[in-house]
Structure formats: structure tokens, C-alpha cells
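# what follows is a predicted protein model with its sequence.
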Amino acid sequence: MSIDKVRAYLKEFGIDGRIREFDVSSATVELAAIALGIDGARIAKTISLSSGDGGCILVVTAGDYKIDNRKFKDRFSLKPKMLSHEEALSLTGHAVGGVCPFALPEGVPVYLDESLRRFETVFPAAGSSNSALEMTPDELFKVSHAVEWVDVCKSREA
């Protein structure tokens, strides 16, 4: 089970005890916000995209942001294409709804969008569709082994 892999991974950082599991789904930004009782913008959603060579790229962004096609193409030199549910599971080891930047297969790059930096803490998933944990954006960068901070998203209202 993916949450067990994430728990073991987070234990190496001494933060596995922060995982919260819910009796309800947290598979979407809206559901996670309800489960946590917070503003959905603070959900750190992980978007799994094709890398164009059979692999994937993970972009973690604030819950109220989405991929900006132009910014993404300018940064990665490819058009953003979401992975199918099957591709997400096979390439990340996590099912859609629980995709997170932890306990990933070797070689899966993680990028954090600048939109997360406006919060003191954010809530990424923890490997299942009913889990999350609270951490600072700097902790998220360190624990996810992110490649770098990027600006490839825009507000959903934009």
C-alpha cells in the first residue's frame, strides 16, 4: 500500500507521525480542504505530467493554482500532458487522489511551484486518497528532494 511506503519514507525524516488519515476522501483539493477544515489554497496538490520520453514530471502547486500551459512549455520545452490514472500509478507508485512527492521511484523529478511559498504551512497527500500531512514549504522542498522552485502555474481564477 502506498501510504505504508510514504510512512516508512517520512520516518527517515522523523515526521511520519504527522500523517493524518481521514474517514472521508481527500482525493481532490476540495475534499482535502473539507477533511482538514482549511482553505483549499493550502492543499499542496501534486500534478503528474508526461516528461515526453515515457517518464513523468511532478509539479506540486497550491490548491488554488493550475498549470499554465505557456509557462510550462517555456520552462520544460514540452506541452503539459496529464498522465492517465494507469500511467500515474505505474510511474509514481501512487494512485490518482493520493499522488504525492514522497517515496517515488528513482528518477522521478519533483518541482515545487512558487505559489506554495505564500503559506506558512501546506498539506500534501501522503500516498492515499484519505491522507495528508502538514509541513512548511521549505520542509516540503527538502523531504521531496525537489529539483527546484519553478513558476509554471497560475491562479484558477486567471
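Noted; the coordinates are in hand.
# got a list of what the most centrally placed residue in the chain touches?
Centroid-nearest residue in the chain, with CA atoms, centre = their mean: Thr46, separated by 2.3 Å. Applying CB atoms under 8 Å, 6 or more residues apart in numbering to Thr46 gives the contacts 58-60, 99-101, 124-125. Placement of C-beta: from N, CA and C, glycine included.
# same check, this time on Val96
Val96 neighbours (CB under 8 Å, 6+ apart): 27, 48, 85, 88-89.
# do you know how far it is from Asp23?
20 Å (CB to CB, to the nearest Å).
# any idea how far Ala95 is from the residue nearest to the centre of the chain?
12 Å.
# roughly how far apart are the residue nearest to the centre of the chain and Gly97?
For Thr46, the distance to Gly97 - CB to CB - is 10 Å.
# check the contact lists of those two and give me the overlap.
Ala125.
# just for the chain, where's the confidence low?
Within the chain, the segments meeting pLDDT under 70 span 1, 158.
# which ones are touching the closest residue to Lys73 other than its chain neighbours?
Distance criterion CB to CB, 6 or more residues apart in numbering; nearest residue to Lys73, sequence neighbours excluded, is Lys79 at 5.8 Å. Taking CB under 8 Å, 6+ apart, we find Lys79 in contact with 69, 72-73.
# can you pull out the residues in contact with the lengthiest helix in the chain?
The residue-count maximum for a helix in the chain (DSSP state H) belongs to helix 2-11. The contact list for helix 2-11, computed with CB under 8 Å, 6+ apart, reads 16, 18-19, 21, 93-95, 98, 100, 102-103, 126-128, 131, 133, 143.
# buried residues in stretch 13-27?
19, 22, 26-27 (16 or more other CB atoms under 10 Å).
# that older thread, check the contacts of Lys79 for burial and list the buried ones.
Taking 16+ other CB under 10 Å as the criterion, what is buried in the contacts of Lys79 is Phe72.
# now, the contacts of Lys79 that are in helices?
Using DSSP H, the members of the contacts of Lys79 that fall within helices are 69, 72-73.
# pipe the residues you listed into JSON lines and attach distance to Arg118 per row.
Listed next are those as JSON lines, based on distance: CB to CB, whole Å:
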{"residue": "Asn69", "distance to Arg118": "22"}
{"residue": "Phe72", "distance to Arg118": "20"}
{"residue": "Lys73", "distance to Arg118": "24"}
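# circling back: now do the helix or strand following the longest helix of the chain: which elements does it pack against?
Per DSSP states H and E, helix 2-11 leads on to strand 20-21 as the next helix or strand towards the C-terminus. Here strand 20-21 touches strand 131-132, going by 3 or more CB pairs under 8 Å, 6 or more residues apart in numbering; DSSP states H and E.
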